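# Any chance you can model this:
(one chain, ligands or ions: 1)
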Amino acid sequence: MSGIQYQEDSDLLKLVRFSSQDGAIWLAENRMVLMHAAALASLRKELINAIGPAQARRILTRMGYASGLRDAELAKQVRGERSVNDAFSTGPQLHMLEGTVVVKPVRLEMDVESGHFDGEFLWINAVEADAHLRECGTAEEPVCWMQIGYASGYTSAFMGRFILFKEVECSATGKTDHCRIVGKPVEEWPDAHEYTPYYEPDSIVGRMLELRDQVDALRSSIEPPDTVANLIGNSPGFRHAYSLVSRAAGTNVTVLLLGETGVGKERFARALHQLSARSDKPFVAVNCAALPDELVESELFGVEKGAYTGASVSRMGKFERADGGTLFLDEIGELPLAAQAKLLRVLQEGELERLGDDHVRKVNVRLVTATNADLQTAVREGRFRADLYYRLNVYPVVIPPLRERLCDVPQLVESMLERFCALHGKRLLGCTDRAMRELRRYDWPGNVRELENLIERGVILAPQHGRIEAEHLFVGTMPSEAEGERIGDSGELCASVDRPDDSLCQQLLGAGLSLDEVEEMLIQYAVAQAGGNLASAARTLGMTRPQLSYRLKKRLGEAADRERA
Ligand SMILES: [Zn+2]
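Numbers count the residues shown, from 1 in each chain. The predicted model follows:
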């Protein structure tokens, strides 16, 4: 396969959307930035001065490489169905669209299957060569580092093997008016070792990351794994709740966890247990709302054989099961009054009797309760015992709702992704920028549990080796994409693609069409599109079916009149 012919790029132009009210520019689902080339030039110069040209080159190469990888993903998405050459040419076209450089193909031989790649391109008007000339003067050697990183990253992702591009001529040297790049599989370059270090992460940074991993591993071997894995967050509200819980862990105090449904109260209770001296003893969790009233007492306090019809064997209650450890009672406000009285006795005396038994048993249990209801109101209305309330409310901990700690969302998402990918056998690259933005601006009435459900759905819906897109998360409920501005086919910014733009109006006026004729054209087009189905045509025109048939009849009548005349 050789040669390359650029396709019409209107499909790519449509991927760019300017959404100034959000302060965002989008390329499909990737957030982009419109940056001053002059600022890029000074950033480059400062990097070179601060850390030396070799390190600066490495950072810029890797930065370009990362964008190249992203654009390769996009190319496969938007033109993956076309021929290999058409799909591949997306990269150079995106590089041009992104304002980096004009790419002129000289030679291209590629075969994804056998891994063969041999490409040569000319670069004209390179932003990086320009930047270098502007801030540093002429260069001795080629300096389009970010761009060469992009070419290598894009092509490597496309070919599924490391394709190393070299810049063999550069306009920043002042010797030519263009740059020239050549790409081949890394194994085919005899001097590859002189270039590959620029693609590798910094050894110092690498070593620091390695040390951090070791510290993390050591830390998690000291701390119980569940505590670390399940309680995630760095927001002040979350940290505060966590520190209250960890301070309670060293004591035997009864803890009351308060917070909306889905904030993770059971996880806090587990963490409390794991941080306490009872961690090697059982942790037992009970949701009081899930127990039928007539079973609450036998479930909590146990039952002796023959206590009531159906009690054919003696059974331990949750209190006895949790002996020495922690008992977590969720939705404590739902506990019936009779059970409340028994619970109070266990708390006061540390002893209980099974149902249908007069033998008193000692239990040693740390009680953690939780509620999303207002217990004080329940007390006032006589649904909850006041003495029990005061007994439980010794050490209240409020767990903030997710919408008050949206900055924790990315971290939570990361850990959920790991878990659900393993569960569903998926390998994903993460969320798109837009998906993450939607996650961070959502209101989360169902809190962390709702986030978990959405991420699991996203993991299932996202394509293997792809990214989770906003549509995978908020199926059918996404806000319209029509908002914001896009670039038209000739590159100009239009208010919105859904609104007829100036050029359409100009065409209509230019064709000398009257308002009536335009209306007729629209109606006929809508009817034809709907295959003659008037109801559906009326919907697309934003009118009722009777309104549409009235207009059609009127037009037929007028046409008949014209013919008679
Ligand atoms: Zn160059």
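# So for K318, what's the pLDDT?
K318 carries a pLDDT score of 91 in this model.
# Quick one: low-confidence residue ranges for the stretch 201-350 of the chain.
Along the stretch 201-350 of the chain, the model assigns pLDDT under 70 to residues 202-230, 307, 309-312.
# those strands in it, which residues are they?
255-258, 283-287, 326-330 (DSSP state E, counting those that start in this stretch).
# Dump those strands into TSV; add mean neighbour count as well.
(C-beta placed from N, C-alpha, C; glycine too.) Below are those laid out as TSV (neighbours: other Cβ atoms under 10 Å):
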stretch	mean neighbour count
strand 255-258	23
strand 283-287	19
strand 326-330	24
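# Export the ones you listed to CSV and append columns for distance to E353.
CSV is the format used below for the strands of the stretch 201-350 of the chain (distance: least, Cβ to Cβ, whole Å):
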stretch, distance to E353
strand 255-258, 25
strand 283-287, 19
strand 326-330, 17
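# do you know which of these lies nearest the ion?
strand 255-258 (60.6 Å; Cβ to the ion).
# what lines up beside the closest one in the sheet?
strand 366-371 (parallel), strand 395-398 (parallel) (DSSP bridges).
# Please work out which of those strands is packed deepest.
Across those, the average number of neighbours (mean count of other Cβ atoms under 10 Å) peaks for strand 366-371, which reaches a mean of 26.
# residues in contact with L428?
Contact analysis of L428 by Cβ atoms under 8 Å, 6 or more residues apart in numbering lists L417, C421, V459, A462, Q464, H465, G466, R467, I468.
# Roughly how far does it sit from the ion?
The gap separating L428 from the ion is 35 Å, by Cβ to the ion, to the nearest Å.
# Kindly report the same for V33.
For V33, the distance to the ion - Cβ to the ion - is 22 Å.
# circling back to that earlier point, could you dump the strands paired with strand 255-258 into JSON lines with mean pLDDT and distance to H116 added?
Formatted as JSON lines, these follow (pLDDT from 0 to 100; distance: least, Cβ to Cβ, whole Å):
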{"stretch": "strand 366-371", "mean pLDDT": "95", "distance to H116": "63"}
{"stretch": "strand 395-398", "mean pLDDT": "95", "distance to H116": "63"}
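# and of those strands, who's closest to the ion?
strand 395-398 (58.2 Å).
# would you put the C-alpha positions of that closest one in PDB?
Presented in PDB, the C-alpha positions along strand 395-398 are these (Å, rounded to 0.1, in the frame of the first residue of the first chain):
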ATOM      1  CA  TYR A 395     -20.500  10.000  69.000                       C
ATOM      2  CA  PRO A 396     -22.300  11.100  65.900                       C
ATOM      3  CA  VAL A 397     -20.300  11.300  62.600                       C
ATOM      4  CA  VAL A 398     -21.800  13.000  59.600                       C
END
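# okay, the nearest residue to G333 once chain neighbours are set aside: pLDDT?
The shortest distance from G333 to any non-neighbouring residue, by Cβ to Cβ, 6 or more residues apart in numbering, is to A373 (4.0 Å). For A373, the pLDDT comes out at 84.
# How many neighbouring residues does A373 have?
Residues lying near A373 (other Cβ atoms under 10 Å) number 15.
# Confirm it sits in a strand?
No: with DSSP: H, G, I helix; E, B strand; the rest coil as the criterion, A373 is coil rather than part of a strand.
# What is the subsequent helix or strand relative to the longest helix seen in the chain?
Assignment by DSSP state H gives helix 37-79 as the longest helix of the chain. Next in sequence after helix 37-79, counting helices and strands by DSSP states H and E, comes helix 84-88.
# Who are the packing partners of that next one?
In terms of contacts (3 or more Cβ pairs under 8 Å, 6 or more residues apart in numbering; DSSP states H and E), helix 84-88 is packed against helix 37-79, strand 102-111.
# average pLDDT for it?
Mean predicted lDDT for helix 84-88 stands at 89.
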